[in-house]
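>>> Please find the sequence and the predicted model below.
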Amino acid sequence: MTFLGSLDARDRRLLLWSVGIAVSLSVLLGFFLPSDNNNDNPLPSTYLAGQHGARAAYETLLNAGYPIERWERPLSELAASAVPGMVVIFAAPNLSEVDDVKAVRAIVERGGRVLVTNYSGGYLAPGGAPDVPRQFNFAACQLEPEGLDPLAASGEVWMTPGSSWQLGNPVYRVQYGCAGQPAVVEYDYGRGHVVWWASSTPLENGSLARAANLDLLLNSLGPRAGHRFYWDESLHGDIRSTWSYAAGPSLTLLRIGLPLLGLLIVFSFSRRSGPVRDLPTPARAAPIEFLEALGSLYRNAGANSTAVAVALERFRRHNLRLCGLRPGPIGAEELAAAIRRRFPQADAALEGDLAAVEEAAWSETIEPRAALKLVQALHAHQKKLDAAAQPAAQPDTHIHSQERAS
C-alpha cells in the first residue's frame, strides 16, 4: 500500500517537501535562535538569570521574608486594590498605554510606595520629571550621597546612569548624584511616596552584591513589617490573562500546525498563478469622512479624556517653544505661569482653563460635550497667543524723517 495513496502523486510530493522543510526550520531555529536569558538581554526581569536580569534580587527578598510576588496582570487591577502599605517595583518599565500611568498615579495617591528606574520609569511616576543626561557615561559610577534622608545613608553605591532628573521643584530630594547629575531622587506625592533611580544597575544580578547596592534596594523599598510588595512584570510584556492558563505545548502546536495546514491547502488546491481579474481600486475617503470615522472611534472607545490629553500636550509643547523653554512634562499651573511671564496680556481665563483641561485629561467620566468645549477653549487661547507672538509692524521711518525736517 502506497503512503497516502488517496492523494495525487504531485500532492503527495508537495506534502512531503512541506513537512521536511517545516522540520528542518524547527531544528535550525532551536539551535540558532538567541536565548532571552543571556548577558546581552538588558531587561531587568525577575525571570532572567543573566547579568542584567533581576532574578537574584527577587529571590533575595523572598529568602529574607519579604511578602513579595510578581504582578503579571493589568496594572488597573492592582490599582483597584491599592491600600496604604503597598510597595510596587517598576524596573525599567516599557510604557505602552495611558492607563498604566493612571494606575500608578492611583496607587501612589492612595498611600502606596513605588520604586521606578530609568528614563521610562520617570515618566511612569506621578509628578515625575525625567531628563536626558547632560553627558552620557556608560561606565559604572560610584554615587555621591547628597541628601539628608536615611536613603542617602545606604553606603557605597555603584550605578551606570542612563538618565537624569529635572530639578527646580522643592519636593524633589536628591539622595545620590553622579558627576553633578541626580541619580537617586525621592519625593512625596499625595499620600504616597516615589523613589526614582537613574538606572536599574543596583538591582541587577551582576551588580546586586557590589558594595552597598542591596542596601540601597532595601532602603528604597522601606520597612518590611506591615507592607505588601509587588514586582511588576506586566510592563515587561509578561501580562497574564485567562488564555495564559492554556499556554503550553498544545497551544504551541496549534499555533504552528494551523498555519502549516493552511499553507498545505493553498498549495494543494490553489494552483492558478493569480486572480482571474484585477481587484477594483478602493476609493479614497474624503477628509470629512476620515474625521467622522476618527470621531466614531473615540466615541465607541469612550476616550474623551484621551482627546483632551492629546490637545493639552500639543498646547503645552507649542507654547513652551513660544516662551523659549524646552518642552517637558510640566503641570498646568507651571505652564500658565510660564505663558503669563511671556504674554502678560494673555486672557484672564487662561489659568482656569488649563487647570480644568488637566483635570479632565485624567478623568474617565468626562462627557463628550464638555471635552469638546475644553479643546475649543485651548484652541481659542492658542490663536490669541500666536497673534500676540507676531512681531509688531515697524513705523514708517520716511514719514518720521519728513516730520522732523518740517
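Arrived safely.

>>> Could you tell me which ranges of the stretch 201-350 of the chain sit under the pLDDT cut-off?
238-251, 253, 268-277, 285, 302 (pLDDT under 70).

>>> which residues in it form helices?
With DSSP state H, counting those that start in this stretch as the criterion, the stretch 201-350 of the chain has helices at 213-221, 249-269, 287-301, 304-322, 332-342, 350-362.

>>> TSV for these, including mean neighbour count?
C-beta: built from backbone N, CA, C; applies to glycine. Output for the helices of the stretch 201-350 of the chain, formatted as TSV (neighbours: other C-beta atoms under 10 Å):
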stretch	mean neighbour count
helix 213-221	21
helix 249-269	11
helix 287-301	10
helix 304-322	18
helix 332-342	17
helix 350-362	19
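
>>> which stretch among the ones you listed comes nearest residue 230?
Each of the helices of the stretch 201-350 of the chain has some distance to residue 230 by C-beta to C-beta; the shortest is helix 213-221, at 10.8 Å.

>>> which helices and strands sit right next to the closest one?
Contacts defined by 3 or more C-beta pairs under 8 Å, 6 or more residues apart in numbering; DSSP states H and E place helix 213-221 against helix 55-63, strand 113-117, strand 181-189.

>>> which of these is buried the deepest?
Burial of these is given as mean neighbour count (mean count of other C-beta atoms under 10 Å); strand 113-117 ranks first at a mean of 25.

>>> CSV for the helices and strands packed on helix 213-221, including distance to residue 288 and mean pLDDT?
Formatted as CSV, the helices and strands packed on helix 213-221 follow (distance: least, C-beta to C-beta, whole Å; pLDDT from 0 to 100):
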stretch, distance to residue 288, mean pLDDT
helix 55-63, 54, 95
strand 113-117, 43, 97
strand 181-189, 44, 95
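
>>> Can I get stretch 211-231 in PDB, CA atoms only?
What follows is stretch 211-231, C-alpha atoms only, in PDB (Å, rounded to 0.1, in the frame of the first residue of the first chain):
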ATOM      1  CA  ALA A 211      29.300  47.400  47.700                       C
ATOM      2  CA  ALA A 212      26.000  48.500  49.300                       C
ATOM      3  CA  ASN A 213      23.700  48.200  46.200                       C
ATOM      4  CA  LEU A 214      21.500  45.700  48.100                       C
ATOM      5  CA  ASP A 215      21.200  48.200  51.000                       C
ATOM      6  CA  LEU A 216      20.000  50.900  48.500                       C
ATOM      7  CA  LEU A 217      17.300  48.500  47.300                       C
ATOM      8  CA  LEU A 218      16.100  47.600  50.800                       C
ATOM      9  CA  ASN A 219      16.100  51.300  51.900                       C
ATOM     10  CA  SER A 220      14.200  52.300  48.800                       C
ATOM     11  CA  LEU A 221      11.500  49.700  49.500                       C
ATOM     12  CA  GLY A 222      11.100  50.900  53.100                       C
ATOM     13  CA  PRO A 223      10.400  48.700  56.200                       C
ATOM     14  CA  ARG A 224       9.200  45.100  55.700                       C
ATOM     15  CA  ALA A 225       6.600  45.000  58.500                       C
ATOM     16  CA  GLY A 226       3.100  45.900  57.600                       C
ATOM     17  CA  HIS A 227       3.800  46.200  53.900                       C
ATOM     18  CA  ARG A 228       2.900  44.100  50.800                       C
ATOM     19  CA  PHE A 229       5.400  44.100  48.000                       C
ATOM     20  CA  TYR A 230       4.900  43.600  44.200                       C
ATOM     21  CA  TRP A 231       7.400  43.300  41.500                       C
END
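
>>> who wins for proximity to residue 178 among the helices of the stretch 201-350 of the chain?
Closest approach to residue 178 among the helices of the stretch 201-350 of the chain (C-beta to C-beta): helix 213-221, 13.2 Å.

>>> Tell me if residue 89 really is in a strand.
Yes. Judged by DSSP: H, G, I helix; E, B strand; the rest coil, residue 89 forms part of a strand.

>>> Which pLDDT value goes with it?
In this model, residue 89 is scored at 97, pLDDT.

>>> Specify the beta-bridge partners of it.
With DSSP bridges applied, residue 89 shows beta-bridge pairing to residue 115, residue 231.

>>> Skipping adjacent residues, who's closest to the residue positioned nearest the centre of the chain in space?
Of all residues in the chain, the one closest to the mean position by C-alpha atoms, centre = their mean is residue 95, 1.8 Å from it. Nearest non-adjacent residue to residue 95, counting by C-beta to C-beta, 6 or more residues apart in numbering: residue 120, 5.4 Å away.

>>> Can you verify my assumption that the one you found contacts residue 100?
No. The pair residue 120 / residue 100 is not scored as a contact, 10.6 Å apart, by C-beta atoms under 8 Å.

>>> Identify the contacts common to the two.
Common contacts of residue 120 and residue 100, defined by C-beta atoms under 8 Å, 6 or more residues apart in numbering, comprise residue 93.
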